[in-house]
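Visitor: fold the following.
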Amino acid sequence: MFLFRNHIKYYLSLLTIVTFITSCDQKTPLEIALESESKYIVPVMQDPEGYELQIIYTQINKSKNGKVNFTDFEFNVNDSVYFYPASAVKFPVALIALEKLKELQEKGIDVDRKTNFKKERDTLYTSIEKEIIKIFAVSDNQAYNRLFEFLGQDYINQKLRSKNIEGRISHRVSAYHSHNLKTQPIFFKENIEDSTLIYQQAAIENSPQPKLSLKKLLKGKGYIYNDTLIMEPKDFSEKNYLPIKSLHEMMKRIQFPDMYSESQHFNITSNDYNFVLNAMSTLPHRAGYNKKEYYDSYGKFFMFGDTKKNIPEHIKIYNKVGYAYGYLTDCAYIKDTKNDIEFILSATIHVNKNKIYNDNNYEYDDIGIPFLAQLGREIYKLEKATKE
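Guide: Got it, this is the predicted structure:
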């Protein structure tokens, strides 16, 4: 009888081990990453809905002949649930600005990304190239607003629709006239010392933008407006909208254009294509910014966002982040040339414990950025394990 009981215990323990191994085998890499016992992951995963967490992770598999295959994993992704994309909208606007330049060139207008230009209310000339570098290096708001004036809402949204990219970009950022439907005139010059204009773009009258019809557009319990606390939910129905799937899809298309039909491409010159890829991975100090203030991870949340240490030379991060109203978003193609690792990761998280907006009291450094950094490290660790 004693022997029989020992046999039963042995088989039960064996069954438990087999069940555990089988259940582990059935878990996706993203699920394994999110089950990490890291102190940065656990608090968020205890309430992912409360943090409005959405994640997409793409494994990039290449055959011996170089053919690329994607394997996608998602967590809590829902395009109908609104989150504020903040500066992430600068990603498509930069690409669309290059598209418009190509269209002007095809009409015989002699402008390119290096041509000097200014909008009416600017006093100094700049260039599309300089503004795009600012957008990716330090997420400069005025750089985005200049490109927004060059394009206008109607043109931006028509381009998104033509590529079947879900989203609606309706306003400038950090500007008193953010929702103005009329753009400013744009002036292009070959030589800023010369009064001769190469091209002048008149002000554009854009169509009124309808309010969004999505879930969770009313957020929190209050917000500050003109130094006054208004105790009612903040309405995001007139804000920019760019879901995580759209950001992730754009990253795939710009990094692996051969995987997509021509109609899904961003129609830019090969020279501009190489430029924008380089701009996306350029660290702030390489773009001329002070390294103490604009450290390597200033605009790169995944893997390195919670440290001010240098990012290793062999790791390139092509990305665009957004952060405002307690929302943190990153969309990145990460490539480690030393260890032959590459993957695409996009995520958004909301950290606003007191549910008040515009009070600058958000848990960016305590919860949001550490979570995104650790998420990137967990995915990287899993990718590296497959190479060993």
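Visitor: show me what the helix or strand where Lys316 lies is packed against.
Guide: When elements are assigned from DSSP states H and E, Lys316 belongs to strand 315-324. Judged by 3 or more CB pairs under 8 Å, 6 or more residues apart in numbering; DSSP states H and E, the packing partners of strand 315-324 are helix 90-106, helix 244-255, helix 270-281, strand 327-336. All C-beta atoms are positioned from the backbone trio N, CA, C, and that covers glycine.
Visitor: could I get those as TSV with distance to Asn78 and mean pLDDT?
Guide: Compiled in TSV, those are given as follows (distance: least, CB to CB, whole Å; pLDDT from 0 to 100):
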stretch	distance to Asn78	mean pLDDT
helix 90-106	20	98
helix 244-255	9	98
helix 270-281	27	97
strand 327-336	15	98
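Visitor: so where's the stretch 151-300 of the chain uncertain?
Guide: Residues of the stretch 151-300 of the chain meeting the criterion pLDDT under 70: none.
Visitor: list the buried ones in stretch 176-185?
Guide: Leu181, Thr183, Gln184 (16 or more other CB atoms under 10 Å).
Visitor: again, but for stretch 37-56
Guide: For stretch 37-56, burial by neighbour count (16+ other CB under 10 Å) applies to Ser38, Tyr40, Ile41, Val44, Tyr51, Glu52, Leu53, Gln54, Ile55, Ile56.
Visitor: check for me that the fourth one belongs to a strand.
Guide: No - following the definition DSSP: H, G, I helix; E, B strand; the rest coil, Val44 is helix and is not counted among the residues of a strand.
Visitor: can you report how many residues neighbour the nearest residue to Ile311 once chain neighbours are set aside?
Guide: Computed as CB to CB, 6 or more residues apart in numbering, the closest residue to Ile311 that is not its neighbour in sequence is Asp296, at 4.4 Å. Asp296: 19 surrounding residues under other CB atoms under 10 Å.
Visitor: pretty sure Asp296 is touching Asn310, no?
Guide: Yes - when contacts are counted by CB atoms under 8 Å, Asp296 is listed as touching Asn310 (5.4 Å).
Visitor: so the residue nearest to His285 when sequence neighbours are not counted, which of the three states?
Guide: Of all residues not flanking His285 in the chain, Lys291 sits nearest, at 4.1 Å (CB to CB, 6+ apart). The three-state label given to Lys291 by three-state DSSP is coil.
Visitor: measure Thr196 to Asn116 for me?
Guide: Separation of Thr196 from Asn116 (CB to CB, to the nearest Å): 11 Å.
Visitor: what residues are shared contacts of the two?
Guide: Lys189, Glu190 (CB atoms under 8 Å, 6 or more residues apart in numbering).
Visitor: more neighbours: the two, which one.
Guide: The residue with more neighbours, out of Thr196 and Asn116, is Asn116; 19 against 7, by other CB under 10 Å.
Visitor: got the contact list for the most centrally placed residue in the chain?
Guide: For the chain, the residue nearest the mean C-alpha position is Cys331 (3.6 Å; CA atoms, centre = their mean). Neighbour list for Cys331: Ala88, Phe91, Ile244, Leu247, His248, Met250, Met251, Asn319, Lys320, Val321, Leu345, Ser346 [criterion: CB under 8 Å, 6+ apart].
Visitor: pLDDT at the closest residue to the third one other than its chain neighbours, what is it?
Guide: Translated: Ile244. Leaving out its chain neighbours, the residue that sits closest to Ile244 by CB to CB, 6+ apart is Gln54, at 4.8 Å. Note on Gln54: pLDDT of 98.
Visitor: I figured Gln54 was touching Tyr82, is that so?
Guide: No - contact between Gln54 and Tyr82 fails when scored by CB under 8 Å: they sit 11.0 Å apart.
Visitor: mind listing the helices for the chain?
Guide: Secondary structure of the chain (DSSP state H): helices at 2-26, 29-34, 42-45, 90-106, 128-138, 141-151, 153-162, 244-255, 270-281, 369-387.
Visitor: now distance to Ile315 too, for those, in TSV please.
Guide: As requested, the helices of the chain are exported to TSV (distance: least, CB to CB, whole Å):
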stretch	distance to Ile315
helix 2-26	28
helix 29-34	18
helix 42-45	24
helix 90-106	20
helix 128-138	16
helix 141-151	25
helix 153-162	31
helix 244-255	15
helix 270-281	10
helix 369-387	9
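Visitor: looking at these, which is nearest to Asn191?
Guide: Among the helices of the chain, helix 128-138 comes nearest to Asn191, with 16.2 Å by CB to CB.
Visitor: touching that closest one from outside, list them.
Guide: The contact list for helix 128-138, computed with CB under 8 Å, 6+ apart, reads 90, 93-94, 97-98, 101, 112-115, 117, 140, 143-144, 146-147, 150, 275-276, 279-280, 282-284, 286-287, 289, 294, 298-299, 320.
Visitor: extract the C-alpha trace of that helix and format it as CSV.
Guide: In CSV, the C-alpha atoms belonging to helix 128-138 read as follows (Å, rounded to 0.1, in the frame of the first residue of the first chain):
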residue,chain,number,x,y,z
ILE,A,128,12.5,70.4,-44.0
GLU,A,129,15.6,68.4,-43.3
LYS,A,130,16.5,70.4,-40.2
GLU,A,131,12.9,70.1,-38.8
ILE,A,132,12.7,66.4,-39.3
ILE,A,133,16.0,65.9,-37.5
LYS,A,134,14.7,67.9,-34.6
ILE,A,135,11.5,65.9,-34.6
PHE,A,136,13.3,62.5,-34.2
ALA,A,137,16.3,63.7,-32.1
VAL,A,138,14.4,65.7,-29.4
